[in-house]
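Peer 1: Generate coordinates for the sequence data below:
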Amino acid sequence: MKAYSRDLRQKILETYEKEEISQRELASRFRFFCPEGSVALSFIVKLLRQWRENKSLNPKPHGGGQTLKLSSEQIIILGDLVKEKNDATLPELRDKLLEKTGVKVSCSTISRTLSRLNFTRKKKHYKPVNAKQKEYKF
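Peer 2: Numbering: from 1, shown residues only. So this is what the prediction gives:
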């Protein structure tokens, strides 16, 4: 979720200081009149605590997220596996990766990694050599 704007944070603080209303009332007032969406009571509590402790209304930096399960070398090997057999299923790629690297990951991890590498999920289509399409005349 995107951080609330500095302007909104300033309005919340000014309203709290001028009108001396409870934090719950403050949250309900800004719940429906906020352009960014609903303002929760927990946000009000954290914002006022941050102001009292640091005198800052700036949003905190992003936490960073989860680390990748595969190393760069393993990702390269996965890319090579897809190039060797581009119609392999996710479980097949997972098993081949386990054979080559000894790393066991889920099919979801394989799928997310392939998305990062811009590989599509399209498979090869096989047509019989002698197949002829019927021609329809109207």
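
Peer 1: In contact with the spatially most central residue of the chain, which residues?
Peer 2: Geometric centre of the chain, nearest residue: residue 65, 9.0 Å, by Cα atoms, centre = their mean. By Cβ atoms under 8 Å, 6 or more residues apart in numbering, the contact set of residue 65 is empty. C-beta here means a position set from N, CA and C on the backbone, and glycine is covered the same way.

Peer 1: Tell me the confidence at it?
Peer 2: Predicted confidence (pLDDT) for residue 65: 81.

Peer 1: Apart from its neighbours in sequence, what residue is nearest residue 100?
Peer 2: Sequence neighbours aside, residue 77 is the residue nearest to residue 100 in space, at 5.5 Å (criterion: Cβ to Cβ, 6 or more residues apart in numbering).

Peer 1: neighbours around that neighbour, how many?
Peer 2: Residue 77 sits with 16 neighbouring residues when counted by other Cβ atoms under 10 Å.

Peer 1: for the residue nearest to the centre of the chain, phi and psi?
Peer 2: phi 90, psi -180 (degrees, to the nearest 10).

Peer 1: How much space separates it from residue 117?
Peer 2: 18 Å (Cβ to Cβ, to the nearest Å).

Peer 1: got it, and residue 58?
Peer 2: 36 Å.

Peer 1: Counting by contacts, list what the least confident helix or strand in the chain by mean pLDDT packs against.
Peer 2: Lowest by mean pLDDT, DSSP states H and E among the helices and strands of the chain is helix 23-32, with a mean of 86. In terms of contacts (3 or more Cβ pairs under 8 Å, 6 or more residues apart in numbering; DSSP states H and E), helix 23-32 is packed against helix 6-19, helix 41-54.

Peer 1: okay, those helices in TSV with mean pLDDT and mean neighbour count next?
Peer 2: What follows is these, written out as TSV (pLDDT from 0 to 100; neighbours: other Cβ atoms under 10 Å):
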stretch	mean pLDDT	mean neighbour count
helix 6-19	91	14
helix 41-54	93	14
